[in-house]
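Asks: Below are the sequence and a predicted model; questions follow.
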Amino acid sequence: MTEAAAFSACPACSAAPAADALAKGQARALRETHITLSVPAVHCAACITTVEHALAAAPGVAAARVNLTLKRASVETDGAVSAEDLVQVLARAGFEAHELDAGTLAATQTDRAGRDLLMRLAVAGFASMNVMLLSVSVWSGAEDATRDMFHWISAAITLPTIAFSGQPFFRNAWSALKAGRLNMDVPISLAIALALVTSLWETMLSGEHAYFDAALTLTFFLLAGRYLDHRTRAVARSAAEELAALEVPRAQRVQADGTSETVEVAALRPGDLILVRPGGRMPVDGEITEGRSELDRSLLTGETVPVFAAPGQGVSAGEVNLTGPLTVRATAVGRDTSLHRMAELVAIAESGRSRYTSLADRAAKLYAPGVHILSALAFVGWWLYSGDLRTALNIAAAVLIITCPCALGLAVPAVTTAASGRLFKRGMLIKHETALERLAEVDTVVFDKTGTLTAGTPAPLDLDRYDRPTLELVLALAEGSSHPLSLALSKAIRAMGLAPARITDLTERPGYGTEARMGDRIVRLGRASWLGAAESDTTATYLDAGQGAPVAFRFTDALRPGAAEAVAALQAVGKEVILISGDSTAAVEALATRLGIGKWMAGALPGDKAARVSALQEKGAHVLMVGDGLNDTAALTTAHVSISPASALDAARVASDIVLLGGDLSPIPEALVTAQKATARIRENFRIATLYNVIAVPLAVVGLATPLVAAIAMSTSSITVSLNALRLR
Amino acid sequence: MNILVWLIPISLLLGGVGLLGFLYTLRSNQYEDPEGDARRILSDEWDDHPKP
């Protein structure tokens, strides 16, 4: 064995890291007393009880609790029970469950940033209510000593509150100023600071007007906007991480004595022998040392026809093993795998999203300098006119407070929260903050074929062409294998109401097909080359009935649900639909004709896809790319906006802005409509905010804006903007 | 006006109690599963005692 040789060459140095990795793996296994399961089907009070009781009754379980919002069950165990056992327990109770990788989920367990914002929001809310109470008394006629006392109490509440609650704004403003830029937080911080300074000054001089309430309400409304914004993103992030956590990174490592143990993929080293069972995904790049099978490479290349795999052949991480168990010697692991290298190349490529400036940023660019100039002009003007620094400063503060970007700060998050919530209910996860705005501009939609428009599962064609005994024989042979083509055949023939023929000695030849005896004849179902038949370029399997030439059974890729509707709906609203695939010309052309897509491109390499998308964009088109494979990731990143299904490869999901959670494609046209509506609402909100400013700013500049006017203007504009956003639901 | 000496501290205190209550619920993860909590009150599996 070469592995033993490698060890003996330098026993100490190569054994040490291996032992280290092993110890780490065991330590992790011991700590694994907390198991998180995804239970997508829980939806009611009775389900919670059923799931919790079933889990609690299982041996080794200390406590179980269901989180209905996240549709997860967290289980405390004594370490003796594994996640697979618990999945079985839930399956018996009638609930489908999947294990979630604790390491991937850890990041979202507690949303620290969200909790921090909520705490600041609560303190600001508490303080602004109390100060507002005092301010109302002042406005309704408190005078002299009483007014001064109220102002001093307000100051005592406001100063510590702003010091705590205003921190996010001050921090952002400071980092923007340090970088020599202006953002929305600069005028906000300036308005709050100036309001506090002038109010304190006024209070010391027993003045009439203090803006403590305005400073606090401003903070409160803006924090509400921030929190909404954060919440939308946190929900999207946790759902995206749940998708990633569904793929638990474990592998079967073959030990020196021939038995295999389960280890974390991260613990694998080049030279390790890894057992990949049928249905499993290759965790590493490597070379097959034992076993014959077929590999599904559709996620990497887009080809639908499985590739034959035999010892000596190289495999890449991400390929799926279909029929027989394979033993693979790892040549590259983790970051060195070709899968990872390609994913990193994508990260370097210039992405559509980085070229886009959001509506909020564009508004801030106009707004921030405008407000500063206006307030400075008011200050200088009044100083020259009245010669009184106090009046001038008061008016400058009033202008800053009145123009406060409350409505602007709420305009975008209120709408995106409503729109993302609506799309989430329809099974779409908006991952990027400007994805909705970019989606609204789309005029060209590019689809990938395998795994996107098609479900990636084959469906047999024209079965009624064959006679009954043939089909019964095929059914009997197909049931001996779990190859996708066999499964599809047996499902389709069973659905016709036929029973399997009587055969004996049924065996599977991994990588080739199944073989059995029928009376004195040997019958076989499998690859063309095995049976000596001519290969066709579409997916097909062959039956050798022991008499005459082999019979071909051809397959087509089953359409993903909603694919035809989505394409038709997109074309109906005038979007150009293009199909680009890495598959063979015949297969792509057949699908394009079936869906009525005029423009298509077959045999496209990953680079071709990205090049085609950027060529379209150079001509001025805004491209929406929908794809799922590694060969799509470059195109997904290049496109103006991108969507990938939940079944897509991790790298593709990371590269795209929106993830389709269900198997259905039909929400896509609807999402375009929602996005357009959302963008229209955001623009409307900006107009409402501007209108308020157009009315209120002249009042402030001529010195008529009392704290009461400021409070009314601020609250009405914020509430109008939020209500306008809610119309989207 | 002397009544203000009592009223203002009392109103601040009551508000403060509310704020502390909110911060307590926030720290003890009571907003992790709003939907589940809404359903759980309908469950028959109630107990007489809070868990130790």
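Replies: Received it, and whenever you're ready, just let me know what you need. As the structure is a computational prediction, the values presented were derived from the model and not from experiment. Numbering: from 1, shown residues only, chains lettered A, B, ... in the order given.

Asks: dump the residue contacts of the closest residue to residue A:126 other than its chain neighbours.
Replies: Excluding the flanking residues, the one nearest residue A:126 by CB to CB, 6 or more residues apart in numbering or on different chains is residue B:19, at 4.3 Å. The C-beta positions use only the backbone N, C-alpha and C, and glycine is treated the same way. Shown in contact with residue B:19 (CB atoms under 8 Å, 6 or more residues apart in numbering or on different chains): A:122-123, A:126.

Asks: Give me the pLDDT for residue B:19.
Replies: Looking at residue B:19, its pLDDT reads 91.

Asks: Helix, strand, or coil at it?
Replies: At residue B:19 the chain is in helix, as set by DSSP: H, G, I helix; E, B strand; the rest coil.

Asks: quick one: which of the contacts of residue B:19 is nearest to residue A:608?
Replies: For those, the minimum distance to residue A:608 (CB to CB) is 54.1 Å, reached by residue A:122.

Asks: tell me the SS of that closest one?
Replies: Applying three-state DSSP: residue A:122 is helix.

Asks: That one and residue A:112, how far apart?
Replies: 16 Å (CB to CB, to the nearest Å).

Asks: Which strands or helices does the helix or strand encompassing residue A:397 pack on?
Replies: If you go by DSSP states H and E, residue A:397 is part of helix A:389-402. When contacts are defined as 3 or more CB pairs under 8 Å, 6 or more residues apart in numbering or on different chains; DSSP states H and E, helix A:389-402 sits against helix A:185-204, helix A:212-245, helix A:359-386, helix A:667-701, helix A:707-726.

Asks: and the host helix or strand of residue A:455, average pLDDT?
Replies: In the assignment (DSSP H and E), residue A:455 maps to strand A:454-460. Here strand A:454-460 scores 79 as its mean pLDDT.

Asks: Check which helices and strands that strand sits against.
Replies: helix A:484-495, strand A:551-559.

Asks: Give me the sheet partners of that strand and which way each runs.
Replies: According to DSSP bridges, strand A:454-460 has the following sheet partners: strand A:551-559 (antiparallel).

Asks: okay if I get the contacts of residue B:19 as TSV plus neighbour count and pLDDT?
Replies: Formatted as TSV, those follow (neighbours: other CB atoms under 10 Å in any protein chain shown; pLDDT from 0 to 100):
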residue	neighbour count	pLDDT
A:122	19	93
A:123	22	94
A:126	23	92
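
Asks: so who does residue A:570 touch?
Replies: So residue A:570 contacts A:445, A:577, A:668-669, A:672 (CB under 8 Å, 6+ apart).

Asks: ditto for residue A:535
Replies: Residue A:535 neighbours (CB under 8 Å, 6+ apart): A:528-529.

Asks: quick one: which helix or strand includes residue A:132?
Replies: Residue A:132 belongs to helix A:112-139 when assigned by DSSP H and E.

Asks: tilt between that helix and helix A:212-245?
Replies: Angle, helix A:112-139 to helix A:212-245, by axes from the mean of the first three to the mean of the last three CA atoms, to 10 degrees: 160 degrees.

Asks: same for helix A:112-139, what does it pack against?
Replies: helix A:144-165, helix A:167-178, helix A:212-245, helix A:707-726, helix B:3-27.

Asks: center of chain B, which residue is that?
Replies: What sits nearest the mean C-alpha location of chain B, by CA atoms, centre = their mean, is residue B:21, with 4.4 Å.

Asks: Could you say which helix or strand holds residue A:637?
Replies: Element membership of residue A:637 [criterion: DSSP H and E] is helix A:633-638.

Asks: now swap in residue A:73 and tell me
Replies: Using DSSP H and E, residue A:73 sits in strand A:72-77.

Asks: that older thread, for the helix holding residue A:637, name the packing helices and strands.
Replies: Secondary-structure packing of helix A:633-638 (3+ CB pairs under 8 Å, 6+ apart): helix A:338-348, helix A:606-618, strand A:623-626, strand A:641-645, helix A:650-655.
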